[in-house]
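Trainee: Sequence first, predicted model second:
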Amino acid sequence: MTIDLGFAWLTLPDGEEIGIVDVPGHRDFIENMLAGIGGVDAALLVIAADEGVMPQTREHLAILDLLQIKQGITVLTKIDLVEDSAWLDLVETDVRTTLKGTVLQDAPILRVSSLTRAGFPELLQTLGNLLEKLPPRPDLGRPRLPIDRVFSILGFGTVVTGTLSDGRLEVGDELEILPAGLHARIRGLQTHKKRKRSLSQAAGSLSTSPEWMWSRSSAAKCLHIPANTPPPSGWTCNSACLLMSLLHCTTIPK
């Protein structure tokens, strides 16, 4: 079961690199999920073919419905563990029934095996086609990077990671950490382990100076350039309230 965020990237058949964020769907880890889902363009709903739809599958779907992430692919994994093709058909039928009425009701369902790599070429091609049809994100020239991880490297400084949702960041830029109001300067930039002098609307990491300490209770949520208008702080709080209300079947506060 996913507890903390996981990060990886892959190269599509056309050579484009895309980032992958593994987010928890369990109600106990909603805060971790919110930290990583803000930059998501499309979803891969992964279901084990030998187990079928599980309670957490429905929790993931509820989150995708609430955030209206309408682009996605449903992936049946571990097909190498299922010898009976009739069972696979039965699982896929059950998945279709579960997806009905959700944002992924028309999403393609693909069968893959991480062990044999069966189905992976089709998955990559389908993912590439899906992302190619997405409209470009609006760029208002206001750099904002919602923080999903923070850690320190001895002799290097504090490193924060996230997805730049707007604008452009460059080495040397002065930053403000919201809502704490702390200030820092960018010492280095990376995306997919490649050093960059600048980043624009991409997943990446940056090192800052001076160092500032991070803890689970820290109020640091987002980086931005002070000259720009700070992003509204209510979105994360409101989304968390909505998600918790939905998953716990309580009344959503107005």
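Mentor: Alright, I've got the coordinates.
Trainee: mind listing the helices for the stretch 51-200 of the chain?
Mentor: Here the stretch 51-200 of the chain has its helices, by DSSP state H, counting those that start in this stretch, at 55-67, 85-99, 120-132.
Trainee: Reformat these into CSV and put distance to P226 and mean pLDDT next to each item.
Mentor: Where C-beta positions appear, they are placed from N, C-alpha and C, glycine not excepted. Listed next are those as CSV, based on distance: least, CB to CB, whole Å; pLDDT from 0 to 100:
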stretch, distance to P226, mean pLDDT
helix 55-67, 29, 86
helix 85-99, 44, 95
helix 120-132, 33, 93
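Trainee: Could you dump those helices into TSV with distance to G15 and mean neighbour count added?
Mentor: Rendered in TSV, the data for the helices of the stretch 51-200 of the chain read as follows (distance: least, CB to CB, whole Å; neighbours: other CB atoms under 10 Å):
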stretch	distance to G15	mean neighbour count
helix 55-67	28	18
helix 85-99	31	14
helix 120-132	10	15
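Trainee: what about G155, distance to R187?
Mentor: Computed as CB to CB, to the nearest Å, the G155 to R187 distance reads 12 Å.
Trainee: higher neighbour count, the two?
Mentor: When neighbours are counted by other CB atoms under 10 Å, G155 and R187 differ, and R187 comes out ahead with 15 against 5.
Trainee: quick revisit: for L12, which of the helices of the stretch 51-200 of the chain is the nearest?
Mentor: Using CB to CB as the measure, helix 120-132 is the one of the helices of the stretch 51-200 of the chain that comes nearest L12, at 4.2 Å.
Trainee: which residues are in contact with the closest one?
Mentor: By CB atoms under 8 Å, 6 or more residues apart in numbering, the surrounding residues in contact with helix 120-132 are 10, 12-14, 16, 18, 41-42, 44, 71-73, 75, 108, 110, 112.
Trainee: When you filter these down to buried only, what's left?
Mentor: For the contacts of helix 120-132, a burial check counting by 16 or more other CB atoms under 10 Å picks out 18, 42, 44, 71-73, 75, 110, 112.
Trainee: Between the residues you listed, which sits nearest L104?
Mentor: Within the set of those, G72 lies nearest L104; the separation is 5.0 Å, counting by CB to CB.
Trainee: mind listing what the closest one touches?
Mentor: Residues 42-45, 64, 103-104, 107, 130 are the ones in contact with G72 under the rule CB under 8 Å, 6+ apart.
Trainee: Now the most centrally placed residue in the chain: closest residue in space that isn't a chain neighbour?
Mentor: Using CA atoms, centre = their mean, the residue of the chain that lies closest to the mean C-alpha position is I37, 3.6 Å off. Excluding its sequence neighbours, the residue lying closest to I37 (CB to CB, 6 or more residues apart in numbering) is V23, at 5.4 Å.
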